[in-house]
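Just a sequence and a predicted model for now, questions to come.
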Number of protein chains: 2
Amino acid sequence: MTPPDSNPSPRAPRRTKEDIVDAAVDLLDRVGLPDLSMRRLAEEIGVQPSALYWHVSSKQELLAAVSARILTPVAPRPSDPEGLGQAAAILGHRLHDALLAHRDGAEVVSSSLALGLVASPLHVALSAWEDTVTARVVADAITHYVVGITFHEQQRRSADAWGAAAPGASITPASFAHPSEDAFSAPLALIVGGIAVRQDGVGHPADA
Amino acid sequence: MTPPDSNPSPRAPRRTKEDIVDAAVDLLDRVGLPDLSMRRLAEEIGVQPSALYWHVSSKQELLAAVSARILTPVAPRPSDPEGLGQAAAILGHRLHDALLAHRDGAEVVSSSLALGLVASPLHVALSAWEDTVTARVVADAITHYVVGITFHEQQRRSADAWGAAAPGASITPASFAHPSEDAFSAPLALIVGGIAVRQDGVGHPADA
DNA sequence: ACCTGAACACCGTTCAAGT
DNA sequence: ACCTGAACACCGTTCAAGT
(Lines give C-alpha, C1' and ligand atoms only; values in the text may rest on other atoms or scores of the structure.)
Protein backbone atom coordinates (compact mmCIF):
# COMPACT_ATOMS: atom_id res chain seq x y z
CA MET A 1 0.00 0.00 0.00
CA THR A 2 2.64 2.52 1.09
CA PRO A 3 5.93 2.53 -0.80
CA PRO A 4 7.99 4.44 1.83
CA ASP A 5 9.24 2.86 5.04
CA SER A 6 7.83 2.85 8.55
CA ASN A 7 11.05 2.90 10.61
CA PRO A 8 13.17 6.02 11.10
CA SER A 9 14.89 6.21 7.77
CA PRO A 10 18.13 8.04 6.99
CA ARG A 11 16.30 10.20 4.48
CA ALA A 12 12.78 11.10 5.46
CA PRO A 13 10.46 11.44 2.48
CA ARG A 14 9.55 15.00 1.72
CA ARG A 15 5.94 14.01 1.29
CA THR A 16 4.22 10.76 2.09
CA LYS A 17 0.98 9.33 0.75
CA GLU A 18 -0.56 10.13 4.12
CA ASP A 19 0.23 13.80 3.56
CA ILE A 20 -1.51 13.74 0.20
CA VAL A 21 -4.60 12.09 1.68
CA ASP A 22 -4.59 14.60 4.55
CA ALA A 23 -4.55 17.46 2.09
CA ALA A 24 -7.22 15.82 -0.06
CA VAL A 25 -9.63 15.40 2.87
CA ASP A 26 -8.98 18.96 3.90
CA LEU A 27 -9.59 20.28 0.40
CA LEU A 28 -12.70 18.14 0.04
CA ASP A 29 -14.22 19.69 3.15
CA ARG A 30 -13.41 23.18 1.93
CA VAL A 31 -14.36 23.09 -1.76
CA GLY A 32 -16.41 19.91 -2.28
CA LEU A 33 -15.97 16.99 -4.65
CA PRO A 34 -16.60 18.83 -7.93
CA ASP A 35 -13.71 21.20 -7.24
CA LEU A 36 -11.38 18.55 -5.85
CA SER A 37 -9.07 18.15 -8.84
CA MET A 38 -5.58 16.73 -8.95
CA ARG A 39 -4.32 20.08 -10.18
CA ARG A 40 -5.99 22.01 -7.40
CA LEU A 41 -4.72 19.53 -4.83
CA ALA A 42 -1.18 19.79 -6.18
CA GLU A 43 -1.37 23.55 -6.00
CA GLU A 44 -2.54 23.31 -2.39
CA ILE A 45 0.41 21.10 -1.48
CA GLY A 46 2.82 23.27 -3.42
CA VAL A 47 3.85 20.69 -5.97
CA GLN A 48 3.40 19.97 -9.65
CA PRO A 49 0.30 17.90 -10.58
CA SER A 50 2.48 15.14 -11.95
CA ALA A 51 4.19 14.75 -8.59
CA LEU A 52 0.99 13.31 -7.10
CA TYR A 53 1.33 10.32 -9.40
CA TRP A 54 4.43 9.19 -7.63
CA HIS A 55 2.32 8.69 -4.48
CA VAL A 56 -0.96 7.45 -5.96
CA SER A 57 -1.60 5.66 -9.21
CA SER A 58 -4.83 7.48 -10.06
CA LYS A 59 -7.41 9.90 -8.75
CA GLN A 60 -9.74 7.01 -7.98
CA GLU A 61 -7.11 5.37 -5.81
CA LEU A 62 -6.71 8.64 -3.97
CA LEU A 63 -10.47 8.91 -3.45
CA ALA A 64 -10.51 5.34 -2.17
CA ALA A 65 -7.92 6.33 0.44
CA VAL A 66 -10.05 9.34 1.32
CA SER A 67 -13.06 7.01 1.64
CA ALA A 68 -11.18 4.70 3.97
CA ARG A 69 -10.30 7.71 6.11
CA ILE A 70 -13.91 8.84 6.20
CA LEU A 71 -15.02 5.36 7.23
CA THR A 72 -12.54 4.81 10.07
CA PRO A 73 -14.97 5.91 12.83
CA VAL A 74 -17.39 3.19 11.72
CA ALA A 75 -15.09 0.41 12.88
CA PRO A 76 -16.54 -1.95 15.51
CA ARG A 77 -15.97 -1.13 19.16
CA PRO A 78 -15.60 -3.66 21.97
CA SER A 79 -18.53 -2.11 23.79
CA ASP A 80 -20.79 -2.68 20.81
CA PRO A 81 -22.41 -6.07 20.64
CA GLU A 82 -25.80 -7.20 21.83
CA GLY A 83 -28.05 -8.76 19.27
CA LEU A 84 -27.46 -8.60 15.56
CA GLY A 85 -30.26 -6.10 15.22
CA GLN A 86 -28.89 -3.70 17.82
CA ALA A 87 -25.36 -3.93 16.51
CA ALA A 88 -26.59 -3.29 12.99
CA ALA A 89 -28.63 -0.28 14.06
CA ILE A 90 -25.70 1.24 15.92
CA LEU A 91 -23.39 0.72 12.97
CA GLY A 92 -25.94 2.20 10.60
CA HIS A 93 -26.12 5.37 12.65
CA ARG A 94 -22.36 5.49 12.93
CA LEU A 95 -22.02 5.19 9.17
CA HIS A 96 -24.51 8.00 8.74
CA ASP A 97 -22.55 10.24 11.09
CA ALA A 98 -19.23 9.41 9.47
CA LEU A 99 -20.52 10.30 6.00
CA LEU A 100 -22.06 13.54 7.23
CA ALA A 101 -18.78 14.54 8.88
CA HIS A 102 -17.23 15.38 5.50
CA ARG A 103 -18.49 17.42 2.59
CA ASP A 104 -19.81 15.12 -0.16
CA GLY A 105 -18.74 12.21 2.04
CA ALA A 106 -21.55 9.94 0.85
CA GLU A 107 -20.81 10.51 -2.83
CA VAL A 108 -17.10 9.81 -2.39
CA VAL A 109 -17.73 6.63 -0.42
CA SER A 110 -20.54 5.51 -2.73
CA SER A 111 -18.31 5.26 -5.76
CA SER A 112 -15.36 3.77 -3.89
CA LEU A 113 -17.72 1.15 -2.51
CA ALA A 114 -19.21 0.41 -5.92
CA LEU A 115 -15.76 0.10 -7.43
CA GLY A 116 -14.76 -2.28 -4.66
CA LEU A 117 -11.81 -0.07 -3.72
CA VAL A 118 -12.76 0.21 -0.07
CA ALA A 119 -14.04 -2.34 2.42
CA SER A 120 -17.64 -2.11 3.54
CA PRO A 121 -17.43 -1.34 7.27
CA LEU A 122 -20.72 -3.05 8.09
CA HIS A 123 -19.66 -6.24 6.38
CA VAL A 124 -16.42 -6.19 8.30
CA ALA A 125 -18.04 -5.45 11.63
CA LEU A 126 -20.79 -8.03 11.25
CA SER A 127 -18.69 -10.77 9.67
CA ALA A 128 -17.92 -12.24 13.09
CA TRP A 129 -21.58 -13.09 13.61
CA GLU A 130 -22.52 -16.74 13.87
CA ASP A 131 -25.21 -16.53 11.22
CA THR A 132 -22.87 -15.42 8.46
CA VAL A 133 -25.46 -15.30 5.73
CA THR A 134 -27.92 -13.18 7.66
CA ALA A 135 -25.13 -10.86 8.75
CA ARG A 136 -24.18 -10.26 5.13
CA VAL A 137 -27.77 -9.71 4.09
CA VAL A 138 -28.25 -7.16 6.85
CA ALA A 139 -24.99 -5.41 6.03
CA ASP A 140 -25.98 -5.15 2.38
CA ALA A 141 -29.39 -3.70 3.11
CA ILE A 142 -28.21 -1.17 5.67
CA THR A 143 -25.03 -0.08 3.91
CA HIS A 144 -26.75 0.72 0.65
CA TYR A 145 -29.70 2.35 2.34
CA VAL A 146 -27.54 4.60 4.53
CA VAL A 147 -25.09 5.59 1.80
CA GLY A 148 -27.93 6.28 -0.63
CA ILE A 149 -30.05 8.41 1.63
CA THR A 150 -27.06 10.32 2.98
CA PHE A 151 -25.97 11.08 -0.57
CA HIS A 152 -29.46 12.45 -1.13
CA GLU A 153 -29.34 14.48 2.09
CA GLN A 154 -25.97 16.02 1.33
CA GLN A 155 -26.94 16.98 -2.21
CA ARG A 156 -30.04 18.71 -0.93
CA ARG A 157 -27.99 20.52 1.67
CA SER A 158 -25.55 21.94 -0.85
CA ALA A 159 -28.40 22.74 -3.23
CA ASP A 160 -30.10 24.67 -0.44
CA ALA A 161 -26.89 26.44 0.46
CA TRP A 162 -26.41 27.41 -3.14
CA GLY A 163 -30.02 28.49 -3.50
CA ALA A 164 -29.80 30.56 -0.33
CA ALA A 165 -26.73 32.35 -1.61
CA ALA A 166 -27.97 32.75 -5.16
CA PRO A 167 -29.72 35.99 -6.09
CA GLY A 168 -33.44 35.89 -6.81
CA ALA A 169 -33.90 32.19 -6.22
CA SER A 170 -35.97 32.35 -3.08
CA ILE A 171 -38.87 30.13 -4.13
CA THR A 172 -37.58 26.60 -3.77
CA PRO A 173 -39.86 24.17 -5.59
CA ALA A 174 -38.84 21.38 -3.22
CA SER A 175 -42.01 19.61 -2.17
CA PHE A 176 -41.09 18.95 1.42
CA ALA A 177 -38.89 20.24 4.16
CA HIS A 178 -35.49 19.16 5.36
CA PRO A 179 -35.12 15.51 6.33
CA SER A 180 -35.69 15.04 10.01
CA GLU A 181 -33.80 12.48 11.99
CA ASP A 182 -36.92 10.31 11.71
CA ALA A 183 -36.75 10.30 7.93
CA PHE A 184 -33.40 8.60 8.30
CA SER A 185 -34.20 6.37 11.27
CA ALA A 186 -37.57 5.00 10.29
CA PRO A 187 -36.40 3.08 7.21
CA LEU A 188 -33.37 1.92 9.18
CA ALA A 189 -35.67 0.60 11.89
CA LEU A 190 -37.75 -1.10 9.21
CA ILE A 191 -34.71 -3.01 8.00
CA VAL A 192 -33.66 -3.92 11.53
CA GLY A 193 -37.20 -5.11 12.20
CA GLY A 194 -36.93 -7.45 9.24
CA ILE A 195 -34.15 -9.39 10.95
CA ALA A 196 -36.50 -10.93 13.49
CA VAL A 197 -38.90 -12.01 10.75
CA ARG A 198 -36.07 -13.67 8.86
CA GLN A 199 -34.72 -15.41 11.92
CA ASP A 200 -38.13 -16.61 13.11
CA GLY A 201 -38.78 -18.04 9.70
CA VAL A 202 -42.05 -16.15 9.48
CA GLY A 203 -43.56 -16.76 6.10
CA HIS A 204 -45.40 -14.20 4.05
CA PRO A 205 -45.97 -11.17 6.25
CA ALA A 206 -47.77 -9.18 3.59
CA ASP A 207 -50.44 -11.72 2.76
CA ALA A 208 -53.08 -10.53 5.17
CA MET B 1 -39.90 5.56 -29.26
CA THR B 2 -42.09 8.56 -29.97
CA PRO B 3 -42.41 10.02 -33.46
CA PRO B 4 -41.37 13.69 -33.57
CA ASP B 5 -44.84 15.13 -33.97
CA SER B 6 -48.24 13.59 -34.29
CA ASN B 7 -49.84 16.40 -36.24
CA PRO B 8 -48.33 17.85 -39.41
CA SER B 9 -46.66 21.01 -38.15
CA PRO B 10 -45.77 23.89 -40.46
CA ARG B 11 -42.10 23.81 -39.52
CA ALA B 12 -40.86 20.58 -38.03
CA PRO B 13 -37.88 21.07 -35.73
CA ARG B 14 -34.72 19.63 -37.19
CA ARG B 15 -33.92 18.04 -33.87
CA THR B 16 -36.00 17.78 -30.75
CA LYS B 17 -34.95 17.19 -27.17
CA GLU B 18 -36.35 13.68 -27.51
CA ASP B 19 -33.87 13.02 -30.30
CA ILE B 20 -30.98 14.15 -28.13
CA VAL B 21 -32.11 11.90 -25.27
CA ASP B 22 -32.56 8.99 -27.68
CA ALA B 23 -29.02 9.43 -28.93
CA ALA B 24 -27.70 9.81 -25.38
CA VAL B 25 -29.30 6.55 -24.21
CA ASP B 26 -27.96 4.82 -27.27
CA LEU B 27 -24.46 6.15 -26.75
CA LEU B 28 -24.59 5.31 -23.05
CA ASP B 29 -25.34 1.68 -23.84
CA ARG B 30 -22.52 1.52 -26.35
CA VAL B 31 -19.67 3.36 -24.60
CA GLY B 32 -20.68 3.73 -20.95
CA LEU B 33 -20.99 6.77 -18.72
CA PRO B 34 -17.30 7.74 -18.56
CA ASP B 35 -17.20 8.14 -22.34
CA LEU B 36 -20.57 9.81 -22.65
CA SER B 37 -19.43 13.39 -23.21
CA MET B 38 -21.34 16.26 -24.71
CA ARG B 39 -18.74 16.49 -27.46
CA ARG B 40 -18.97 12.80 -28.29
CA LEU B 41 -22.76 12.96 -28.27
CA ALA B 42 -22.75 15.98 -30.57
CA GLU B 43 -20.43 14.17 -32.95
CA GLU B 44 -22.78 11.17 -32.95
CA ILE B 45 -25.74 13.37 -33.83
CA GLY B 46 -23.75 15.28 -36.44
CA VAL B 47 -23.89 18.65 -34.78
CA GLN B 48 -21.61 21.08 -32.98
CA PRO B 49 -21.27 20.58 -29.20
CA SER B 50 -22.74 24.00 -28.55
CA ALA B 51 -25.90 23.05 -30.43
CA LEU B 52 -26.87 20.66 -27.63
CA TYR B 53 -27.24 23.61 -25.30
CA TRP B 54 -30.19 24.89 -27.23
CA HIS B 55 -32.06 21.70 -26.27
CA VAL B 56 -30.78 21.12 -22.74
CA SER B 57 -29.41 23.56 -20.23
CA SER B 58 -26.65 21.32 -18.90
CA LYS B 59 -25.24 17.82 -19.01
CA GLN B 60 -26.90 17.05 -15.69
CA GLU B 61 -30.30 17.97 -17.06
CA LEU B 62 -29.65 15.67 -19.98
CA LEU B 63 -28.67 12.83 -17.65
CA ALA B 64 -31.83 13.47 -15.64
CA ALA B 65 -33.86 12.99 -18.82
CA VAL B 66 -31.90 9.81 -19.51
CA SER B 67 -32.67 8.66 -15.96
CA ALA B 68 -36.37 9.31 -16.43
CA ARG B 69 -36.25 7.21 -19.59
CA ILE B 70 -34.47 4.38 -17.79
CA LEU B 71 -37.06 4.45 -15.03
CA THR B 72 -40.18 4.41 -17.20
CA PRO B 73 -40.69 0.61 -17.00
CA VAL B 74 -40.94 0.88 -13.22
CA ALA B 75 -43.95 3.17 -13.33
CA PRO B 76 -47.09 1.01 -13.67
CA ARG B 77 -48.67 0.18 -10.34
CA PRO B 78 -48.72 -3.54 -9.57
CA SER B 79 -52.00 -4.96 -10.76
CA ASP B 80 -52.83 -7.08 -7.75
CA PRO B 81 -52.29 -5.02 -4.63
CA GLU B 82 -52.22 -7.88 -2.14
CA GLY B 83 -50.46 -5.78 0.43
CA LEU B 84 -47.89 -3.07 0.73
CA GLY B 85 -45.17 -5.68 1.08
CA GLN B 86 -45.94 -7.43 -2.19
CA ALA B 87 -46.32 -4.21 -4.10
CA ALA B 88 -43.01 -2.99 -2.74
CA ALA B 89 -41.24 -6.23 -3.58
CA ILE B 90 -42.56 -6.19 -7.14
CA LEU B 91 -41.49 -2.59 -7.62
CA GLY B 92 -38.07 -3.33 -6.16
CA HIS B 93 -37.48 -6.10 -8.66
CA ARG B 94 -38.78 -3.93 -11.47
CA LEU B 95 -36.38 -1.16 -10.50
CA HIS B 96 -33.51 -3.64 -10.44
CA ASP B 97 -34.37 -4.85 -13.93
CA ALA B 98 -34.78 -1.34 -15.29
CA LEU B 99 -31.36 -0.28 -14.02
CA LEU B 100 -29.68 -3.40 -15.37
CA ALA B 101 -31.24 -2.81 -18.79
CA HIS B 102 -28.80 0.02 -19.53
CA ARG B 103 -25.05 0.27 -19.17
CA ASP B 104 -24.16 2.18 -15.98
CA GLY B 105 -27.90 2.64 -15.44
CA ALA B 106 -27.61 2.57 -11.65
CA GLU B 107 -24.87 5.22 -11.55
CA VAL B 108 -26.79 7.57 -13.82
CA VAL B 109 -30.00 7.21 -11.85
CA SER B 110 -28.21 7.39 -8.50
CA SER B 111 -26.91 10.88 -9.08
CA SER B 112 -30.09 12.16 -10.71
CA LEU B 113 -32.01 10.85 -7.72
CA ALA B 114 -29.60 12.42 -5.25
CA LEU B 115 -29.79 15.74 -7.08
CA GLY B 116 -33.57 15.55 -6.98
CA LEU B 117 -33.77 15.89 -10.76
CA VAL B 118 -35.86 12.80 -11.27
CA ALA B 119 -38.84 11.41 -9.39
CA SER B 120 -38.40 8.31 -7.29
CA PRO B 121 -40.60 5.69 -8.98
CA LEU B 122 -41.25 3.78 -5.77
CA HIS B 123 -42.42 6.90 -3.99
CA VAL B 124 -44.74 7.71 -6.84
CA ALA B 125 -46.17 4.20 -7.12
CA LEU B 126 -46.68 3.75 -3.38
CA SER B 127 -47.90 7.26 -2.61
CA ALA B 128 -51.52 6.17 -3.07
CA TRP B 129 -51.26 3.78 -0.14
CA GLU B 130 -53.47 4.51 2.83
CA ASP B 131 -50.63 4.45 5.33
CA THR B 132 -48.70 7.27 3.70
CA VAL B 133 -45.91 7.40 6.21
CA THR B 134 -45.14 3.69 6.07
CA ALA B 135 -45.28 3.79 2.28
CA ARG B 136 -42.66 6.52 2.21
CA VAL B 137 -40.45 4.70 4.69
CA VAL B 138 -40.62 1.53 2.61
CA ALA B 139 -39.96 3.40 -0.61
CA ASP B 140 -36.89 5.06 0.91
CA ALA B 141 -35.42 1.83 2.18
CA ILE B 142 -36.01 -0.17 -0.99
CA THR B 143 -35.06 2.55 -3.48
CA HIS B 144 -31.71 3.25 -1.91
CA TYR B 145 -30.95 -0.41 -1.36
CA VAL B 146 -31.74 -1.40 -4.94
CA VAL B 147 -29.94 1.52 -6.56
CA GLY B 148 -26.90 1.01 -4.35
CA ILE B 149 -26.50 -2.70 -4.85
CA THR B 150 -27.17 -2.46 -8.58
CA PHE B 151 -24.52 0.23 -8.88
CA HIS B 152 -22.16 -2.21 -7.16
CA GLU B 153 -23.19 -5.06 -9.45
CA GLN B 154 -22.72 -3.06 -12.62
CA GLN B 155 -19.30 -1.79 -11.59
CA ARG B 156 -18.16 -5.30 -10.88
CA ARG B 157 -19.50 -6.44 -14.21
CA SER B 158 -17.57 -3.84 -16.18
CA ALA B 159 -14.48 -4.43 -14.06
CA ASP B 160 -14.71 -8.12 -14.88
CA ALA B 161 -15.23 -7.42 -18.55
CA TRP B 162 -12.21 -5.18 -18.54
CA GLY B 163 -10.14 -7.69 -16.61
CA ALA B 164 -11.13 -10.46 -19.00
CA ALA B 165 -10.04 -8.39 -21.97
CA ALA B 166 -6.89 -7.06 -20.32
CA PRO B 167 -3.65 -8.93 -20.96
CA GLY B 168 -2.09 -10.86 -18.10
CA ALA B 169 -4.74 -10.02 -15.52
CA SER B 170 -6.30 -13.42 -15.10
CA ILE B 171 -6.11 -13.74 -11.32
CA THR B 172 -8.95 -11.64 -10.00
CA PRO B 173 -8.44 -10.90 -6.31
CA ALA B 174 -12.20 -10.59 -5.83
CA SER B 175 -13.06 -12.56 -2.73
CA PHE B 176 -16.29 -14.04 -3.95
CA ALA B 177 -18.09 -14.89 -7.14
CA HIS B 178 -20.67 -13.02 -9.13
CA PRO B 179 -23.74 -11.91 -7.23
CA SER B 180 -26.47 -14.48 -7.49
CA GLU B 181 -30.10 -13.52 -7.69
CA ASP B 182 -30.27 -14.39 -3.98
CA ALA B 183 -27.66 -11.81 -3.07
CA PHE B 184 -30.06 -9.24 -4.43
CA SER B 185 -33.32 -10.74 -3.22
CA ALA B 186 -32.44 -11.67 0.33
CA PRO B 187 -31.84 -8.13 1.61
CA LEU B 188 -34.92 -7.01 -0.32
CA ALA B 189 -36.96 -9.69 1.43
CA LEU B 190 -35.49 -8.55 4.74
CA ILE B 191 -36.79 -5.03 4.17
CA VAL B 192 -40.19 -6.29 3.07
CA GLY B 193 -40.32 -8.48 6.15
CA GLY B 194 -39.78 -5.42 8.30
CA ILE B 195 -43.08 -3.96 7.14
CA ALA B 196 -45.13 -6.45 9.14
CA VAL B 197 -43.12 -5.75 12.27
CA ARG B 198 -43.70 -2.04 11.87
CA GLN B 199 -47.41 -2.46 11.22
CA ASP B 200 -47.91 -4.90 14.08
CA GLY B 201 -46.17 -2.51 16.41
CA VAL B 202 -43.78 -5.23 17.52
CA GLY B 203 -41.30 -3.71 19.90
CA HIS B 204 -37.66 -4.66 20.12
CA PRO B 205 -37.10 -7.72 17.95
CA ALA B 206 -33.39 -7.98 18.62
CA ASP B 207 -33.56 -7.99 22.41
CA ALA B 208 -33.59 -11.72 22.89
C1' DA C 1 13.57 8.53 -4.13
C1' DC C 2 10.99 12.34 -5.23
C1' DC C 3 9.82 15.93 -8.19
C1' DT C 4 9.73 19.40 -12.48
C1' DG C 5 8.32 20.81 -17.16
C1' DA C 6 6.05 20.07 -20.90
C1' DA C 7 3.04 17.91 -23.44
C1' DC C 8 -1.23 14.79 -24.99
C1' DA C 9 -5.81 14.26 -25.47
C1' DC C 10 -9.43 15.58 -23.81
C1' DC C 11 -13.58 18.19 -20.94
C1' DG C 12 -18.41 21.46 -20.05
C1' DT C 13 -20.08 25.76 -21.21
C1' DT C 14 -20.75 30.49 -23.31
C1' DC C 15 -21.74 33.58 -26.86
C1' DA C 16 -21.66 36.34 -30.93
C1' DA C 17 -22.96 35.41 -35.38
C1' DG C 18 -25.17 33.04 -39.10
C1' DT C 19 -29.57 31.08 -41.62
C1' DA D 1 -35.99 28.62 -34.18
C1' DC D 2 -31.98 26.14 -34.54
C1' DC D 3 -27.24 25.87 -35.26
C1' DT D 4 -21.99 27.20 -36.30
C1' DG D 5 -17.32 28.75 -34.96
C1' DA D 6 -14.42 30.08 -31.86
C1' DA D 7 -13.06 30.71 -27.62
C1' DC D 8 -12.59 30.30 -22.15
C1' DA D 9 -11.15 27.91 -18.44
C1' DC D 10 -10.36 23.98 -17.22
C1' DC D 11 -9.46 18.39 -16.74
C1' DG D 12 -6.51 13.39 -15.69
C1' DT D 13 -2.44 11.32 -16.98
C1' DT D 14 2.26 10.29 -19.05
C1' DC D 15 7.04 10.71 -19.38
C1' DA D 16 11.63 12.27 -20.14
C1' DA D 17 14.60 14.77 -17.43
C1' DG D 18 16.43 16.75 -13.30
C1' DT D 19 18.36 16.42 -8.23
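Arrived safely.

can you pull the pLDDT of residue A:114?
In the predicted model, residue A:114 carries a pLDDT score of 98.

same question, residue A:203
51.

what's the answer for the one 4 residues further on, then?
If you check residue A:207, the pLDDT there is 42.

Now residue A:66: which helix or strand?
In this structure, residue A:66 sits in helix A:59-71 according to DSSP states H and E.

So which other helices or strands are in contact with the helix or strand hosting residue A:133?
Secondary structure assigned from DSSP H and E places residue A:133 in helix A:132-165. The helices and strands touching helix A:132-165, judged by 3 or more C-beta pairs under 8 Å, 6 or more residues apart in numbering or on different chains; DSSP states H and E, are helix A:84-100, helix A:105-114, helix A:121-126, helix A:181-200, helix B:105-114, helix B:132-165, helix B:181-200. Placement of C-beta: from N, CA and C, glycine included.

pLDDT below threshold where in chain A?
A:1-12, A:163-180, A:201-208 (pLDDT under 70).

What sits closest to residue A:30 if chain neighbours are left out?
Distances taken as C-beta to C-beta, 6 or more residues apart in numbering or on different chains place residue A:103 nearest to residue A:30, at 7.7 Å, with adjacent residues excluded.

Could I get the contacting residues of the one you found?
A:28, A:29, A:30, A:32, A:33, A:154, A:158 (C-beta atoms under 8 Å, 6 or more residues apart in numbering or on different chains).

Apply 7 Å and report the result again.
A:28, A:29, A:32 (C-beta atoms under 7 Å, 6 or more residues apart in numbering or on different chains).

of those, buried ones?
residue A:28 (16 or more other C-beta atoms under 10 Å in any protein chain shown).

between the contacts of residue A:103, which is nearest residue A:38?
Distance to residue A:38 across those (C-beta to C-beta) is lowest for residue A:28, with 12.9 Å.

pretty sure the closest one is touching residue A:101, no?
No - using C-beta atoms under 7 Å, residue A:28 is not in contact with residue A:101; the gap is 11.2 Å.

who touches both of the two?
With C-beta under 7 Å, 6+ apart, residue A:28 and residue A:101 have no common neighbours.

Provide a list of residues in contact with residue A:90.
By C-beta under 7 Å, 6+ apart, the neighbours of residue A:90 are residue A:80.

DNA strand C versus that one, what's the distance?
40 Å (C-beta to the nearest atom of the strand, to the nearest Å).

Could you do residue A:35 as well?
Distance from residue A:35 to DNA strand C, by C-beta to the nearest atom of the strand: 14 Å.

Kindly report the same for residue A:68.
Counting by C-beta to the nearest atom of the strand, the gap from residue A:68 to DNA strand C is 21 Å.

Excluding sequence neighbours, find me the nearest residue to that residue.
With C-beta to C-beta, 6+ apart, the residue lying closest to residue A:68 is residue A:118, at 5.3 Å.

what's the answer for residue A:74, then?
residue A:121 (3.9 Å).

what's the burial count for that neighbour?
Neighbours of residue A:121 under the rule other C-beta atoms under 10 Å in any protein chain shown: 24.

Likewise for residue A:104?
Residue A:104: 21 neighbours (other C-beta under 10 Å).

surely residue A:87 meets residue A:81?
Yes - the pair residue A:87 / residue A:81 is scored as a contact, 5.4 Å apart, by C-beta under 7 Å.

Compare these two and say which is more crowded by neighbours.
residue A:87 (22 against 15).

contacting residues for the more buried one?
Here residue A:87 is in contact with A:80, A:81, A:126 (C-beta under 7 Å, 6+ apart).

out of those residues, who's nearest residue B:108?
The nearest one, if we look at these relative to residue B:108 and count by C-beta to C-beta, is residue A:126, at 30.3 Å.

Give me the neighbour count for the closest residue to the closest one other than its chain neighbours.
Closest residue to residue A:126 apart from its sequence neighbours, by C-beta to C-beta, 6+ apart: residue A:135 at 4.1 Å. As a burial measure, residue A:135 scores 21 neighbours (other C-beta under 10 Å).

Was I right to think residue A:135 contacts residue A:125?
No - contact criterion C-beta under 7 Å: residue A:135 and residue A:125 do not qualify, at 9.1 Å.
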